[in-house]
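**Q** Sequence and predicted structure, then a few things I'm wondering about:
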Amino acid sequence: MEKKIFKTVIGGKEVTVETGAYCGQANGSCIVRCQDTVVMVNATMNKEIREGQDFFPLTVDYEEKMYAVGKIPGGYKKREGKASDKAILTSRLIDRPIRPLFPKGMYNDVTVIATVLSVDPEILPEVWAMVGSSIALSISDIPFEGPTGSVVVGMIDGKYVINPTVEERKRSRLQLNLAGTRDAILMVEAGSDIISETEMLEAIMFGHEEIKKIIEFIDTIVAEVGKPKQEIELEHIPEEIDNAVREYASTKMDEVLNNFDRTARDAAEDKLDEDVLAHFVDDFNDEPKKIKYILDSLYYVKKEKVRAKIINDGVRPDGRALTEIRPIWIETGILPRVHGSGVFTRGQTQALTTCTLGTLTDAQKLEGLDDEAYKRYMHQYNMPGYTTGEAKGLKSPGRREIGHGALAERSLEPVLPSEEEFPYAIRMVSDILSSNGSTSMASVCGSTLALMDAGVPISAPVAGVAMGLIKDVEHGKVAVMTDIQGLEDFLGDMDFKVAGTKDGITAIQMDIKIKGIDRAILERALEQARQGRLFILDKITEAIPAPRAELSKYAPKIVSFQVDVDKIKDIIGSGGKTINKIIAQTGVKIDLDETGMVYVSSSDMAAIEKAKSIIQVICKDVEVGDIYEGKVVKILENDKGQFGANVQLAPGKEGMIHISKLSEQRVEKVTDVVNVDDIVLVKVIKIDEKHRVDLKLKQIIKKA
C-alpha cells in the first residue's frame, strides 16, 4: 500500500489527510490530522443484503480512546466501556449529514467508525471525525452522493470564527456545528447565548463558505485515490404492482386523508391496508415480496397526497394552516414533593418535566477526552412505548433520548443563574406522556415551567418549536410548516427545531432528508419559528409569569460564603476530623472548593446558620477583645494544685483561663467554678508572641 498525504488549510489551521497506508481491507479509510489531534475514520459495506432486510442499515460510531489524552480508563477492567453521552452525540453529528446521500433503495449494511487516536488540548476532534467520514466514504467504492464538508462556527466579539479552539469557545456566544454539500446545508446543530435570527443565519452562511472549500479539497483527494463506485442492486417496487395499487387505492386514500382526527385517520388507513391486500390476494403471487411492495406502494401514495395537499392547498393532515400551532394547555406544581414540576401539552404531544435541586457535589462527573470534569446542569429525556400506544417494555436511553436531552439542556443553559448566584446542582427530567411530534421542543417548554415552579431564578423563559418543510423541486414550490406533528415529520423533508427566549435563539437542531436547503428557506424557517416561539412564550407566561419567590420547602437550603483559601485546611482538620465534627454537630452538608467558597446545605435553616457560625469562628484569627462561646476541655494543674482551664474556642483553637480570671473573688480550686464540658462565655485578654491565648471568664452558659 502506498501512503498518500494531502494538505490544506481549514479555519486558518493546517490539516493533513493520509490514505493508503492503514486499514487496507476497509472500503474507505483516512487519517485526519490538525496539529496534535488525530482521528482515523473507516467506512465499510457488506457485499450482500441480509435476508429480509427492508431498510437502509447505516451504523455510525465515534470511539474515544483514553490513550489519546494519555489517560488510563477508570474502573476494574481499565478498558474503554460504554460510549459516553458526548461520543453518542458526536456519532449523531456524523450520521445526520451523510444519511440522506446514500441511494434510495440501498439495503446493504454500511458502517462508519471514527476513532480518536490523539487529542491536542486546544483542538477538539469531533469536527475532524465529521470531515473524515465524508473523505472515507467519498474515496471508497460505497455508493455515496457526497462529498460533504463540516465546520464549527463560533462568534467572538461579534466576529465569526471557523473551528474555534477550546479557549476561544469559552469566549464564544455561539457553538454551531454545520454540515452541507457545495450547494446546500444538510445539518445544523447549535447552542447560543441568545443571538438573533439574523446573526444565526449569517453564521450558517459564513460556515457554508468554508464548507465549499473543504469539498473542493476532498474532490482533489477523490480524483487521485478514489475508487470506482460499486454497482449494487437497489430495491424498487415492481412497476406492475405499483400501477395496480395506485389505480385501485388512490381515491380511497383521498377519503382516508380527509380525516383530520389522527385516531380516525389511523383507523381508516388500517382498513384501507386490509382492503388493498384482500383485493390483490390472488395477484402477483410469483413475487416473494408481494405484501411488502403493496404496502410500500400505499405508503408512497399517502406521502405524495399529503405533500400535495400541503404544498398546493396549504392544508395539513389535521386541518391547520401552515403557521398555526396546535392547542396548548399548561399545568405547574402538580407533584407536591418534587422541587418543581410542569406539564406542557401541545396537541397530542405532552411532556412532564421535573426539577430536582441538589448541592454542587451532586454535579455529574464526566470522564472523557476533554478537561470538563463536572456538569452542574443535567437534562434527561425519556419516551416509553405507551406514549405512542405501543406495548413496549422499558429500555435504557438510546441515541435519540440522549440527543433530545442534550438539545433541551443546550436550550436552557443560557438563562440559568450562575453558580455564585444559585449554588445548586440542577437535574431536569422530561418524561414524555404522549407523542405526536415535537416532543423535544415540548420538553424545552416543560423545563421552563419546572424551573420556574422550583423557584430557579432563570433570566428569561425559553420555548421551542419544530419546523417542517415540503419541497417540490420539479415545480419550484416550498411549504414551511410551524409545529410539525409526527406524520409531517415522517413524510416531510426537514425537522428544524428552534428554541429561544423572546430576544433570541438559544439552540437549534436541523435534520434534512433531502440534499440540502438554501438561504431563502433557512431565513423563512427561522422567522416563522420566531413567531411561533413568541406565541408559545405568551402561553407560558400566562400560566406562570415569573419564577416562584421561594424554593420548595422540600428543596435543600444552601448558603454560600467565601473564606481565606489558607483556612480550608483548618475547616477540614486532620484527617477530616474538624469538618466531620461540624457535620455531626449540626446535621448539615458542607462542600468546599479550591477558591475558598464554602457551601452549607440542609433543610433546616437554623442548622445552616449554626454551621456557618462555627466555620466563620474557625476562619477568624483570634484577636484581643473577641468574645467566644466555648467548651472547657481540660483542667490544668501542677504540683501546687489547679491553676487554670483550657477552653476550646473553635475546632483547632484553644485558650487558657488562669484561675485568677475565673472570678473577681479569690478562687481556691478551678473546679469550684468550672469543670470539663462546661459551656462558657469568655473574652480574649492577651495573645503572646507564641500565639498563646489568655482568656477571662465572663459567664457560665451551661454546666456539664
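**A** Thanks, I have it.
**Q** Tell me which residue is most central in this protein.
**A** Ala406 (2.1 Å; CA atoms, centre = their mean).
**Q** Now do the contacts for that one.
**A** Contact analysis of Ala406 by CB atoms under 8 Å, 6 or more residues apart in numbering lists 85, 89, 379. Every residue, glycine included, has its C-beta placed from N, CA and C.
**Q** from the residues you listed, which is closest to Leu636?
**A** Nearest to Leu636 among these: His379, at 60.1 Å, using CB to CB.
**Q** Secondary structure element for that closest one, which one?
**A** Element membership for His379 (DSSP states H and E) is strand 377-382.
**Q** just checking, next helix/strand downstream of that strand?
**A** That would be, after strand 377-382 and using DSSP H and E, helix 399-412.
**Q** and the angle from that next one to strand 377-382?
**A** 140 degrees (axes from the mean of the first three to the mean of the last three CA atoms, to 10 degrees).
**Q** Distance from the chain centre to helix 399-412, please.
**A** Distance, stretch centre to chain centre, for helix 399-412: 4 Å (CA atoms, centre = their mean, to the nearest Å).
**Q** Provide the strand pairings for the very next helix or strand once past that helix, with the direction of each partner.
**A** For helix 399-412, the following helix or strand on the C-terminal side (DSSP H and E) is strand 425-434. Strand 425-434 sits in its sheet next to strand 349-358 (antiparallel), strand 377-382 (parallel), going by DSSP bridges.
**Q** looking at these, which is buried most?
**A** strand 349-358 (a mean of 24; mean count of other CB atoms under 10 Å).
**Q** quick one: average pLDDT of that strand?
**A** Strand 349-358 carries an average pLDDT of 96.
**Q** same deal with stretch 646-653?
**A** Taken as a whole, stretch 646-653 carries a mean pLDDT of 86.
**Q** chain center to that stretch, what's the gap?
**A** Distance, centroid of stretch 646-653 to centroid of chain: 48 Å (CA atoms, centre = their mean).
**Q** list the buried ones in that stretch?
**A** Residues of stretch 646-653 classed as buried under the neighbour-count rule (16 or more other CB atoms under 10 Å) are 646-647, 649-651, 653.
**Q** cool, and stretch 6-26?
**A** Buried-residue list, stretch 6-26, by 16+ other CB under 10 Å: 6, 8, 10-11, 15, 17-19, 23, 26.
**Q** do the same with stretch 241-261
**A** For stretch 241-261, a neighbour-count test (16+ other CB under 10 Å) marks 241-242, 244-245, 249, 253, 256-257, 259 as buried.
**Q** measure Lys65 to Gln25 for me?
**A** 20 Å (CB to CB, to the nearest Å).
**Q** Same question for Val39.
**A** Computed as CB to CB, the Val39 to Gln25 distance reads 19 Å.
**Q** For the residue nearest to Thr388 when sequence neighbours are not counted, give me the pLDDT.
**A** Nearest-residue entry for Thr388: Ser435, 5.2 Å, with adjacent residues in sequence omitted and distances by CB to CB, 6 or more residues apart in numbering. Note on Ser435: pLDDT of 94.
**Q** so how many other residues sit close to Ser435?
**A** For Ser435, the tally of surrounding residues (other CB atoms under 10 Å) stands at 21.
**Q** quick one: it and Thr387 touch, right?
**A** Yes. If you go by CB atoms under 8 Å, Ser435 and Thr387 touch, sitting 4.2 Å apart.
**Q** ok, so of the buried residues of stretch 241-261, who is nearest Pro143?
**A** Within these, the smallest distance to Pro143 is 22.9 Å, found for Asp242 (CB to CB).
**Q** From what I see, the closest one and Ser297 are in contact.
**A** Yes. Asp242 is within contact range of Ser297, at 4.8 Å (criterion: CB under 8 Å).
**Q** intersection of neighbour lists for those two?
**A** With CB under 8 Å, 6+ apart, Asp242 and Ser297 have no common neighbours.
**Q** rewinding a little: identify whichever of the strands paired with strand 425-434 lies nearest to Asp694.
**A** Closest approach to Asp694 among the strands paired with strand 425-434 (CB to CB): strand 349-358, 45.2 Å.
**Q** Whichever helix or strand comes after the closest one packs against which elements?
**A** As assigned by DSSP H and E, the chain's next helix or strand after strand 349-358 is strand 364-365. If you count contacts as 3 or more CB pairs under 8 Å, 6 or more residues apart in numbering; DSSP states H and E, strand 364-365 packs onto strand 374-375.
**Q** Just give the strands next to the strand it packs on in its sheet, each with its orientation.
**A** With DSSP bridges as the test, strand 374-375 is paired with strand 364-365 (antiparallel).
**Q** So for the strand it pairs with, mean pLDDT?
**A** Mean pLDDT, computed over strand 364-365, is 78.
**Q** Give me the distance from that strand to the chain's centre.
**A** So, by CA atoms, centre = their mean, the centroid of strand 364-365 is 13 Å from its chain's centroid.
**Q** likewise stretch 529-549?
**A** Offset of stretch 529-549 from its chain centre (CA atoms, centre = their mean): 22 Å.
**Q** What of stretch 482-494?
**A** Worked out by CA atoms, centre = their mean, stretch 482-494 lies 23 Å from the chain centre.
**Q** before we move on, what about stretch 508-518?
**A** The chain centroid and the centroid of stretch 508-518 are separated by 21 Å under CA atoms, centre = their mean.
**Q** so for that stretch, what's the average pLDDT?
**A** Average pLDDT, stretch 508-518: 85.
**Q** how much space between Val131 and Leu697?
**A** In this view, Val131 and Leu697 are 77 Å apart by CB to CB.
**Q** Looking at the two now, which is surrounded by more residues?
**A** Val131 (30 against 21).
**Q** Test my guess that the more buried one contacts Gly149.
**A** Yes. Assessed by CB under 8 Å, Val131 is found in contact with Gly149 at 6.9 Å.
**Q** Give me the common contacts of those two.
**A** With CB under 8 Å, 6+ apart, Val131 and Gly149 have common neighbours Ile214.
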